[in-house]
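> Generate coordinates for the sequence data below:
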Amino acid sequence: MFSVYGMGGPIYRGTFEGLKGVAGIFRSTAVRPVAGEDQRTTLNAPAAQAVSAYREMLRADHDRGPLYHAYQIMQRQVISVSSEDAVEHAWQVLLEQRTHQAPVLDPGYRLVGIVSERDLLTVLNVDAGRVRDVLARKVADVMSTPVVCAHPITDIRRIAHVLLEHQVDGVPIINETGALVGFVSRSDIVRAIVADPPLSLWR
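Predicted coordinates for the structure are as follows:
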């Protein structure tokens, strides 16, 4: 299940295939369905069981079962910035945390976008790792919005398709209330494939 969040709040909630009908997200519009995936938005019995399993997992961090869903590989300690932050501050956050992008929250802690090093470099000049010149801009002025998010019980293959099809580096993970609970990046998927047996990513 995916959602799209922008400055005005939620724009879309539904399947991976439905993302192609949402205007203004990503650079590419090519979206191909994942073979064998249920395209209905309502929860069927297996999906309901998956939700129950996810809730059980929250109380059992030792779970090392097969990897299918976002919650199993997502980063739970998410580095985020505020839409009101100065771009120089956001740059320092990314630099100190050794990350290339961060979800953007508005003053009410709602997800409104995502900002990357590339976005920030459009308004600041870095020389030898230090900021030399910077325009007076806020994160809201340079961030990418709207942003596609996934829910914790989202097939990892669908997230991989979003990353590949739309040339993005990561997807924020939100819960049922729209709160930011995690982040899945390309590196998280690669790390899971390399280091986290047992693997059942590609059934």
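> And the contacts of stretch 111-122?
Under the contact criterion Cβ atoms under 8 Å, 6 or more residues apart in numbering, stretch 111-122 has outside partners 5-7, 81, 83, 87, 90-91, 94, 100-106, 139-140, 142-147, 149, 168-170, 172, 174, 178, 180. Placement of C-beta: from N, CA and C, glycine included.
> One more pass at 6 Å, please.
5, 7, 83, 87, 90-91, 100-104, 106, 139, 142-145, 147, 180 (Cβ atoms under 6 Å, 6 or more residues apart in numbering).
> Can you show me the CA trace of that stretch as PDB?
Provided in PDB are the C-alpha atoms of stretch 111-122 (Å, rounded to 0.1, in the frame of the first residue of the first chain):
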ATOM      1  CA  LEU A 111       5.200  14.600   6.200                       C
ATOM      2  CA  VAL A 112       5.200  17.100   3.300                       C
ATOM      3  CA  GLY A 113       8.200  16.200   1.200                       C
ATOM      4  CA  ILE A 114      11.800  14.800   0.900                       C
ATOM      5  CA  VAL A 115      15.000  16.700   0.500                       C
ATOM      6  CA  SER A 116      18.300  15.400  -0.900                       C
ATOM      7  CA  GLU A 117      21.800  16.600  -1.200                       C
ATOM      8  CA  ARG A 118      21.100  17.400  -4.900                       C
ATOM      9  CA  ASP A 119      18.200  19.600  -3.900                       C
ATOM     10  CA  LEU A 120      20.300  21.600  -1.400                       C
ATOM     11  CA  LEU A 121      23.200  22.100  -3.800                       C
ATOM     12  CA  THR A 122      20.900  24.100  -6.000                       C
END
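> and it, which residues are buried?
Within stretch 111-122, the residues that count as buried by 16 or more other Cβ atoms under 10 Å are 111-117, 119-120.
> Among those residues, which are located in strands?
Of the positions in the buried residues of stretch 111-122, 111-116 sit in strands, assigned by DSSP state E.
> Just the buried residues of the strand or helix carrying residue 103, please?
Per DSSP states H and E: residue 103 is located in strand 101-105. For strand 101-105, the buried set under the neighbour-count rule, 16+ other Cβ under 10 Å, comprises 101-105.
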